[in-house]
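could you look at this predicted model? Sequence included:
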Amino acid sequence: MRHLVEAVRGIPIARIAVGTTEISAVLPVFNEIESLPGLLDELGSVLRTTGRSYEMILVDDGSVDGSGAWIEDRARKDPCVRGILLERNVGQSGALAAGLRHARGTVIVTLDADGQNDPSSIPALLAALEHADVVSGVRTPRADPWLRRASSRVANAVRRAALGDTISDVGCSLKAYRREALEGIPLFVGAHRFLPALCEFRGARVVEVPVRHRPRLYGVSKYGVGNRLFRGIRDLFGVRWLKSRMLRHKIRRVTDEP
């Protein structure tokens, strides 16, 4: 609960850089050196087809497999790649927060670095964002073992019942946000699971679209049933409190504007 109280007081707030790029793709990375080369090639190809300016922000979350050095080398060779190397492993939420803080895009796309999120689904997210503030992917079909699918169904059902949000697959990292939907959002440990819901609580227009999901080809998942399900349920109590304390207002008129 303490980290949520600090968020409301303004300590770990998402401070996003001034937008100078149209699309920022943000990928937290933790020991994914095998998947990175192919994924970055795919992602760059898809973003080029949009006809918009873009950047790919890779946040190394204290990897020990050489991912950080690979990111540095790729950034030197590709001006569209920006690397952020954290001093130590801080977890998915902390890595995502670092990426958001340095993102310059007016649209921010998030995805995992393990290759399971298919970049070819990004154009569908961008199309849906034309009439929304947040677009959350729904993995269809989901290419994970049955135990992970079952634990996610339970966690999603419990979360929706507790918070009253509309997100059916919060565990899908493939999402797109208008920049303004994220500005000022409180970030805390576990926040990556609740970002669309937090945006929705503040009045953002949130929609879902089906996205492609692929089997993991390299390595193992860094998030098991225990730390995904039980930590998520624990965080629900804090997020429910945060929802009740969030400031909401709509401006009727500003007197010094024409």
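Structure received.

now stretch 64-75, how far from the chain's geometric center?
21 Å (C-alpha atoms, centre = their mean, to the nearest Å).

tell me the mean pLDDT for that stretch?
For stretch 64-75, the mean pLDDT works out to 97.

now that stretch: buried residues?
Ser67, Gly68, Trp70, Ile71, Arg74, Ala75 (16 or more other C-beta atoms under 10 Å). Bear in mind the C-beta positions are built from the backbone N, C-alpha and C, glycine included.

cool, stretch 107-122 as well?
Neighbour counts using 16+ other C-beta under 10 Å place 107-119, 121-122 of stretch 107-122 among the buried residues.

for the residues you listed, which one is nearest Ala95?
Using C-beta to C-beta, Ala113 is the member of the buried residues of stretch 107-122 that sits closest to Ala95, with 9.6 Å.

just the buried residues of stretch 64-75: which are in strands?
Among those, none falls in strands (DSSP state E).

now, which of those lie within helices?
Mapping the buried residues of stretch 64-75 onto helices (DSSP state H) picks out Ser67, Gly68, Trp70, Ile71, Arg74, Ala75.

for the fifth one, which non-adjacent residue is closest in space?
Which is Arg74. Distances taken as C-beta to C-beta, 6 or more residues apart in numbering place Val81 nearest to Arg74, at 5.1 Å, with adjacent residues excluded.

which single one of the buried residues of stretch 107-122 is nearest to Ala132?
Val107 (11.4 Å).

how far does the helix or strand that contains the closest one sit from the chain's center?
Assigned by DSSP states H and E, Val107 falls within strand 105-110. Averaged C-alpha coordinates place strand 105-110 at 10 Å from its chain's average position (C-alpha atoms, centre = their mean).

just the helices in the chain please.
Per DSSP H, the chain carries helices over the ranges 2-9, 36-49, 67-77, 92-102, 122-129, 146-163, 179-182, 195-201, 225, 231-245.

weakest of the ones you listed in terms of mean pLDDT?
The bottom spot among those, by mean pLDDT, belongs to helix 2-9, with a mean of 38.

would a markdown table of the buried residues of stretch 64-75 with distance to Arg212 be doable?
As requested, the buried residues of stretch 64-75 are arranged in a markdown table below (distance: C-beta to C-beta, whole Å):
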| residue | distance to Arg212 |
| --- | --- |
| Ser67 | 24 |
| Gly68 | 28 |
| Trp70 | 25 |
| Ile71 | 25 |
| Arg74 | 24 |
| Ala75 | 27 |
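
circling back: who is the residue nearest to Arg74 paired with across the strands?
On the basis of DSSP bridges, Val81 is bridged to Met56.

pretty sure it sits against Trp70.
No: using C-beta atoms under 8 Å as the test, Val81 is too far from Trp70 to be in contact (10.6 Å).

rewinding a little: tabulate the CA atom coordinates of the strand holding Val107 in CSV.
Extracted C-alpha coordinates of strand 105-110, given in CSV (Å, rounded to 0.1, in the frame of the first residue of the first chain):
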residue,chain,number,x,y,z
GLY,A,105,6.1,9.5,-29.4
THR,A,106,2.6,11.0,-29.5
VAL,A,107,1.5,7.3,-29.6
ILE,A,108,3.1,4.7,-27.3
VAL,A,109,3.0,1.0,-28.1
THR,A,110,4.1,-1.5,-25.5
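
in its sheet, what does that strand sit against?
Per DSSP bridges, strand 105-110 is paired in its sheet with strand 21-29 (parallel), strand 175-178 (antiparallel).

the residue nearest to the spatial centre of the chain and Leu43: what is the separation?
Note on the chain: the residue nearest the mean C-alpha position is Thr110, at 4.2 Å, using C-alpha atoms, centre = their mean. Between Thr110 and Leu43 the computed distance is 12 Å (C-beta to C-beta, to the nearest Å).

any residues in contact with both of those two?
Shared contacts of Thr110 and Leu43, defined by C-beta atoms under 8 Å, 6 or more residues apart in numbering, comprise Ala25.

just to revisit the earlier point, let me see the mean pLDDT of the strand holding Val107.
The average pLDDT for strand 105-110 rounds to 97.

that'll do, ta.
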